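# From the sequence below, what's the structure:
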Amino acid sequence: MEKIIAACGNDCAACPRYVKHPYEKTADELRHTAELWMKIGYRDHIVTNEEISCTGCKPENRCRFRVIKCCADHGITACSSCREYPCGTIRECFEVTKSFMPKCREVYTDEEYQQLNTLMLKLKR
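This next block holds a predicted model:
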């Protein structure tokens, strides 16, 4: 599978939310991801397929840490290209994501957990 690296460093091609051709996801796959996110506490409800699906980093996308906007403001496409990397924002992003890993280990199947580790290149067990 070709790697498609997001602004924050995640591998979009491995992401269960990424729906851009040729990585389309079925409605059931998107729903399953939304259910997992609720179970681990990443969301407080099951979001819609439209909310969870992603076609890549764009300024109009919801990004909890405003990484996409920050990259655009710095005139770069990825945090790793920034002279301030790793800044406080991306460190916080990684720490928050890491905080969910123990619950992911409990809830996800081995295959899903491995996919999560592939997705988040910067976060190792």
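# contacting residues for the closest residue to H32 other than its chain neighbours?
Closest residue to H32 apart from its sequence neighbours, by CB to CB, 6 or more residues apart in numbering: P16 at 7.7 Å. For the C-beta atoms, the positions are set from N, CA and C on the backbone; glycine is no exception. Taking CB atoms under 8 Å, 6 or more residues apart in numbering, we find P16 in contact with K25, E29, L30, H32, T33, E112, Q115, L119.
# Show me what the closest residue in space to K3 that isn't next to it in sequence bridges to in the sheet.
Leaving aside its chain neighbours, K3 sits nearest to D11 (5.2 Å; criterion: CB to CB, 6+ apart). Beta-bridge pairing for D11 (DSSP bridges): I5.
# So D11 versus I5, what's the distance?
According to CB to CB, to the nearest Å, D11 and I5 sit 6 Å apart.
# cool, P59 as well?
For P59, the distance to I5 - CB to CB - is 17 Å.
# More neighbours: those two, which one.
Using other CB atoms under 10 Å as the criterion, P59 and I5 rank with I5 on top: 16 against 11.
# helices or strands next to the helix-or-strand element of the chain with minimal mean pLDDT in the packing?
Every helix and strand in the chain was compared by mean pLDDT, DSSP states H and E; the lowest is helix 110-119, with a mean of 84. Applying 3 or more CB pairs under 8 Å, 6 or more residues apart in numbering; DSSP states H and E, we find helix 110-119 packed against helix 101-107.
# Buried ones in the helix it packs on, by neighbour count?
Neighbour counts over helix 101-107 (16 or more other CB atoms under 10 Å) mark M101, C104, V107 as buried.
# Okay, and E92 sits in which element?
Element membership of E92 [criterion: DSSP states H and E] is helix 88-99.
# Buried ones only from the contacts of P16, please, as a ChimeraX command.
Command for ChimeraX that selects the buried part of those, burial taken from 16+ other CB under 10 Å:
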select :25,29,30,33,115,119
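# give me every residue that touches A34.
R43, I46, V47, T48, N49, E51, I52.
# In JSON lines, list these along with secondary structure and neighbour count.
Formatted as JSON lines, the contacts of A34 follow (DSSP: H, G, I helix; E, B strand; the rest coil; neighbours: other CB atoms under 10 Å):
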{"residue": "R43", "secondary structure": "coil", "neighbour count": "15"}
{"residue": "I46", "secondary structure": "coil", "neighbour count": "16"}
{"residue": "V47", "secondary structure": "coil", "neighbour count": "18"}
{"residue": "T48", "secondary structure": "coil", "neighbour count": "11"}
{"residue": "N49", "secondary structure": "helix", "neighbour count": "18"}
{"residue": "E51", "secondary structure": "helix", "neighbour count": "13"}
{"residue": "I52", "secondary structure": "helix", "neighbour count": "20"}
